[in-house]
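In: Task: produce atomic coordinates for the following.
(2 chains)
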Amino acid sequence: MSGRVAVLLFPGTNCEEESLRVARLAGLEAELVRWNQDLDADSFDGYVLPGGWAYEDRVRAGAIAARERIVSTIAVEASRGKPVLGICNGAQVLVETGLVPGHSGSAAMALAANNRGYRCAWVKVKLQVSPGRTAFTSAFAPGQIVDLPVAHGEGRFVTDSRTTVERLIAGSQIPFAYCTAGGELATEFPENPNGSIYAAAAVCNPAGNVMALMPHPERASWWWQHPPHRRPPGLAARPDRLNVAAPAHAIFRSMAAHIAQRTRSRLPC
Amino acid sequence: MLISLAVRLLIPDTTAISALRSLRQQSLAALLELRREVCWGFDIASDVEAAVDRLLRTDVLVNQNKHRVRWWAGDLELAPSVNGAGLLHAASVLVESRDDPDVPAMQQLLSRRLGFADLRVVRHGTLWHVVTADGGSSATLARHAIDALLANPHGQIATLLGGS
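Out: Numbers count the residues shown, from 1 in each chain, chains lettered A, B, ... in the order given. As a prediction, this is how the structure comes out:
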């Protein structure tokens, strides 16, 4: 094992099992931690906030969970450089805390209601930054396009601050964007499923160790999770080859590599 | 003519309960109670009372088995105070989402599916009633509650409607 990550469970989280499995597939030791447990932060090297409906999305998606004590602890851990990945509802929690985009101590963005309502579909996302930019992208090829499923009603990255937009662009804080089959930024529905600014599918903090990602890589990390028409040609005839990692799993492999690198850098020479 | 509807739950409102708990955990201990209403603003061209009666009978905005509704002539900001209901120290906060997709969706449902050709849906939001203990400044506390939880200014607009 190359590191130990906590997968957080809030009341209403429903993607914790998949998140645990894909983290383990990446060689990480993954453990479920409930929101009301005492978190032994020193024993974890990273955190995953999975998807679901924490607190039934009461008030706003992610709003109540973001104010829980355990999230404050994770914010401290993030400031120490530990990787924190929020997927879908977990992304909404990270945006509500302000950890993403991380320009101030409070929310500088919102994940607003989709401009075309709830959307459950497969989309294409493209790596928009150099692979080394974040803790979750090093295992991707530059400009790589991957298929991922989305399932959300509040996934539209917005901000009313022009400064925030300028900093997101200048600081390469949009690691993944929705794209067309040809790789162009998707500005229109359905390729852009929610109307996000700059077609943002993910936003990270300036240091690149915290990322809010709306699509679900844990639902696309093995080929058997992909519908047949989204598998590579020839794979349909080889069911024995479906149980191998698909491209989206690179997010978790990148996280594992980042943790391993941090661990090595802390070891005495 | 502009009219507004505010709909509240008769059964325990788990959203308001969770919000109250979260705000108290964030040091807003003076917060005694939090009430929530979902509100809609309409522009109605014809007989207002008849239109409201028809609206309530659609069972779209209100389920008579679990909701209570109040309505008034005018915009959402003219919501009658809830102080008259024995809440002596209450301020109200109206929270609306920018580019709220529920507005066109409700417009489409009412006009195309339910025959409301003379009605326009103009606004949708949540009306929070912030009730404080004796002597507390409900307006001040409501402002804190907005910042602490009730609205994300990057996707929502919060308007304080009154209070002590």
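
In: Could you use CA atoms for every contact and neighbour count after this?
Out: OK.

In: For beta bridges, what are the partners of the residue nearest to the spatial centre of chain A?
Out: Nearest residue to the geometric centre of chain A (CA atoms, centre = their mean): A:Leu213, 3.3 Å. Using DSSP bridges, the beta-bridge partners of A:Leu213 come out as A:Ile87, A:Ala202.

In: worst-scoring helix or strand of chain A, pLDDT-wise?
Out: Across the helices and strands of chain A, mean confidence by mean pLDDT, DSSP states H and E is lowest for helix A:162-170: a mean of 93.

In: residues in contact with the next helix or strand after it?
Out: Going down the chain from helix A:162-170, the next helix or strand is strand A:176-179, by DSSP states H and E. The contact list for strand A:176-179 (CA atoms under 8 Å, 6 or more residues apart in numbering or on different chains) reads A:123-129, A:185-186, A:191-192, A:198-203.

In: what's the answer for stretch A:234-242, then?
Out: Contacts for stretch A:234-242 (CA under 8 Å, 6+ apart): A:Trp222, A:Trp223, A:Trp224, A:Pro228.

In: Restricted to helices, list these.
Out: Among the contacts of stretch A:234-242, none falls in helices (DSSP state H).

In: Surely B:His144 forms part of a strand?
Out: No: assignment of B:His144 by DSSP: H, G, I helix; E, B strand; the rest coil gives helix, placing it outside any strand.

In: Near it, how many other residues are there?
Out: B:His144 has 15 neighbours, counted by other CA atoms under 10 Å in any protein chain shown.

In: how about residue 58, what does it touch?
Out: No chain specified, so I'll use chain A. Going by CA under 8 Å, 6+ apart, A:Arg58 touches A:Ile64, B:Thr14, B:Thr15, B:Ser18, B:Ala19.

In: I was after chain B.
Out: B:Leu114.

In: If we use 10 Å, what do you get?
Out: B:Thr58 is in contact with B:Leu110, B:Leu114, counting by CA atoms under 10 Å, 6 or more residues apart in numbering or on different chains.

In: Out of the contacts of stretch A:234-242, which is nearest to chain B?
Out: Distance to chain B across the contacts of stretch A:234-242 (CA to the nearest CA) is lowest for A:Pro228, with 33.3 Å.

In: Which residue lies closest in space to that closest one, excluding its sequence neighbours?
Out: Distances taken as CA to CA, 6 or more residues apart in numbering or on different chains place A:Ala236 nearest to A:Pro228, at 6.5 Å, with adjacent residues excluded.

In: give me phi/psi at that neighbour?
Out: The phi and psi values for A:Ala236, taken as degrees, to the nearest 10, are phi -60, psi -30.

In: Okay, and the residue lying closest to A:Gly155 once chain neighbours are set aside sits in which element?
Out: Using CA to CA, 6+ apart and skipping the chain neighbours, the partner closest in space to A:Gly155 is A:Leu111 (5.1 Å). In this assignment (DSSP H and E), A:Leu111 forms part of strand A:110-112.

In: Can you add pLDDT and neighbour count and give the contacts of stretch A:234-242 back as a markdown table?
Out: Shown next, in a markdown table, are the contacts of stretch A:234-242 (pLDDT from 0 to 100; neighbours: other CA atoms under 10 Å in any protein chain shown):
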| residue | pLDDT | neighbour count |
| --- | --- | --- |
| A:Trp222 | 95 | 20 |
| A:Trp223 | 94 | 23 |
| A:Trp224 | 93 | 20 |
| A:Pro228 | 87 | 12 |
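
In: State the pair within the residues you listed that is farthest apart.
Out: Farthest pair in the contacts of stretch A:234-242 (CA to CA) is A:Trp222 and A:Pro228. Separation: 12.3 Å.

In: got any residues that touch both of these two?
Out: Counting by CA under 10 Å, 6+ apart, A:Trp222 and A:Pro228 have no shared contacts at all.

In: And the strands in the chain, which stretches?
Out: No chain in the question, so chain A it is. Taking DSSP state E to define them, one finds strands in chain A at A:4-9, A:29-34, A:46-49, A:84-87, A:110-112, A:119-127, A:145-152, A:156-158, A:176-179, A:202-204, A:210-213.

In: actually it's chain B I care about, not the one you picked
Out: With DSSP E applied, chain B shows strands at B:2-9, B:31-44, B:67-73, B:90-97, B:119-132, B:156-160, listed in chain order.

In: Could you look over those and pick the most buried one?
Out: When these are scored by mean count of other CA atoms under 10 Å in any protein chain shown, the highest mean neighbour count falls to strand B:90-97 (a mean of 25).

In: can you give me the angle it makes with strand B:119-132?
Out: 140 degrees (axes from the mean of the first three to the mean of the last three CA atoms, to 10 degrees).

In: Just the CA atoms of strand B:90-97, as PDB, please.
Out: Presented in PDB, the C-alpha positions along strand B:90-97 are these (Å, rounded to 0.1, in the frame of the first residue of the first chain):
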ATOM      1  CA  ALA B  90     -38.600  37.600  13.900                       C
ATOM      2  CA  ALA B  91     -36.800  38.900  10.800                       C
ATOM      3  CA  SER B  92     -37.400  37.500   7.300                       C
ATOM      4  CA  VAL B  93     -34.900  36.700   4.700                       C
ATOM      5  CA  LEU B  94     -35.800  36.100   1.000                       C
ATOM      6  CA  VAL B  95     -33.300  33.900  -0.800                       C
ATOM      7  CA  GLU B  96     -33.500  33.600  -4.600                       C
ATOM      8  CA  SER B  97     -31.200  31.700  -7.000                       C
END
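
In: how about the strands of chain A in JSON lines, adding mean pLDDT?
Out: Output for these, formatted as JSON lines (pLDDT from 0 to 100):
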{"stretch": "strand A:4-9", "mean pLDDT": "98"}
{"stretch": "strand A:29-34", "mean pLDDT": "98"}
{"stretch": "strand A:46-49", "mean pLDDT": "98"}
{"stretch": "strand A:84-87", "mean pLDDT": "98"}
{"stretch": "strand A:110-112", "mean pLDDT": "97"}
{"stretch": "strand A:119-127", "mean pLDDT": "98"}
{"stretch": "strand A:145-152", "mean pLDDT": "98"}
{"stretch": "strand A:156-158", "mean pLDDT": "96"}
{"stretch": "strand A:176-179", "mean pLDDT": "98"}
{"stretch": "strand A:202-204", "mean pLDDT": "98"}
{"stretch": "strand A:210-213", "mean pLDDT": "98"}
